[in-house]
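Q: Predicted model and sequence follow; I will ask about them next.
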Amino acid sequence: MLSSSSRANRWWWDGNADDYQVEHGEFLGDAAFTWCPEGVDEAAAGLLGEVAGREVLEMGCGAAQCARWLVTRGARVAAFDISHRQLRHSQRIDLDAGVSVPVVQADAEVLPFRDDAFDLACSAFGALPFVADPQAVFREVGRVLRPGGRFVFSVSHPIRWAFPDDPGPRGLTADRSYFDRTPYTERDERGTPTYVEHHRTMGDWVSLIAASGLRLTGLLEPEWPEGHERVWGGWSPLRGRHLPGTAIFTCQN
Ligand SMILES: C[S@@+](CC[C@H](N)C(=O)[O-])C[C@H]1O[C@@H](n2cnc3c(N)ncnc32)[C@H](O)[C@@H]1O
């Protein structure tokens, strides 16, 4: 059974996948691995280490641009997303790019893969900010990763929660508590959630990772690159000069 957050987000991403791909598809590339709006590129960052010949899972893959890059680098890849419409875009890009990614529709809280199936798992802003039960996700990642396997994921930097999601000057003044875990929720006229994003503080993420039995081995807070002018939602050069926008965690099973 899907949680109400997962149900809401499946609905939202199905309804917004087309616009999302129009707006961000060119920046993401068809077969490129971009970790975040700051443009950290796996080809240069190497956070996953050697991928050739490895079995890799991409979680909350959207149109699977990252997974497609992994295929071009010789990885054996599976990818999943909760949104059917995002996965339709993945299939469209497979045809355009001539590189196919096997995808499945699934919720990150219950993974349809056997134990010890993967050497690596990764997620670029996929699933983790949207789930009600992150413990279940870490438990599942620990289950499907082989001993010694690596899990790397990016999320909005927790400090962003305290600031308005605005790329302009308004987004530079904190107006709510960093410690307020009340999820950001949009609802329809009947009060049913239609989009839910959950906040975890930096301490929450570290505790979740530790409690799951994974070992935190790295945390990257990318700085806004000189000359990078692209605005993505609340990410902008202006805010990037003052605040971190993304946190990328590396864990070992
Ligand atoms: C911001 S997109 C990131 C996808 C891709 N990495 C990108 O940069 O476009 C977030 C993705 O997470 C997916 N998602 C949200 N909740 C999920 C869940 N519970 N299980 C699996 N995927 C989920 C959404 O459908 C969406 O495709």
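A: Received the coordinates, thanks. Residues are numbered from 1 along each chain as shown.
Q: quick one, helices of the stretch 51-200 of the chain?
A: 65-72, 84-97, 134-144 (DSSP state H, counting those that start in this stretch).
Q: Serialize these to JSON lines and add fields for distance to A121.
A: Using the backbone N, CA and C atoms, a C-beta is placed for each residue, glycine as well. Shown next, in JSON lines, are those (distance: least, C-beta to C-beta, whole Å):
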{"stretch": "helix 65-72", "distance to A121": "11"}
{"stretch": "helix 84-97", "distance to A121": "18"}
{"stretch": "helix 134-144", "distance to A121": "5"}
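Q: which ones are touching whichever residue of the stretch 151-253 of the chain sits closest to the ligand?
A: Nearest residue of the stretch 151-253 of the chain to the ligand, counting by C-beta to the nearest ligand atom: S154, 8.4 Å away. Contact analysis of S154 by C-beta atoms under 8 Å, 6 or more residues apart in numbering lists W35, C36, V40, S123, A124, F125, T246, A247, I248, F249.
Q: wait, is the second one part of a helix?
A: No - the assignment for C36 (DSSP: H, G, I helix; E, B strand; the rest coil) gives coil, which keeps it out of a helix.
Q: So what's the predicted local confidence for it?
A: For C36, the model assigns a pLDDT of 98.
Q: With adjacent residues omitted, what lies nearest to it?
A: T246 (3.8 Å; C-beta to C-beta, 6 or more residues apart in numbering).
Q: Does D107 touch L2 like I think?
A: Yes - counting by C-beta atoms under 8 Å, L2 is a contact partner of D107 at 5.8 Å.
Q: Those two: which is more packed in?
A: Set D107 next to L2 and count neighbours by other C-beta atoms under 10 Å: D107 wins out with 25 against 14.
Q: In contact with that one, which residues?
A: D107 makes contacts with L2, S6, R10, I82, V131, as judged by C-beta under 8 Å, 6+ apart.
Q: do the same with V104
A: Neighbouring residues of V104 by C-beta under 8 Å, 6+ apart: A78, A79, F80, P112.
Q: For the lengthiest helix in the chain, the averaged confidence score.
A: Secondary structure of the chain read by DSSP state H shows that its longest helix is helix 4-28. Regarding helix 4-28, the rounded mean pLDDT is 97.
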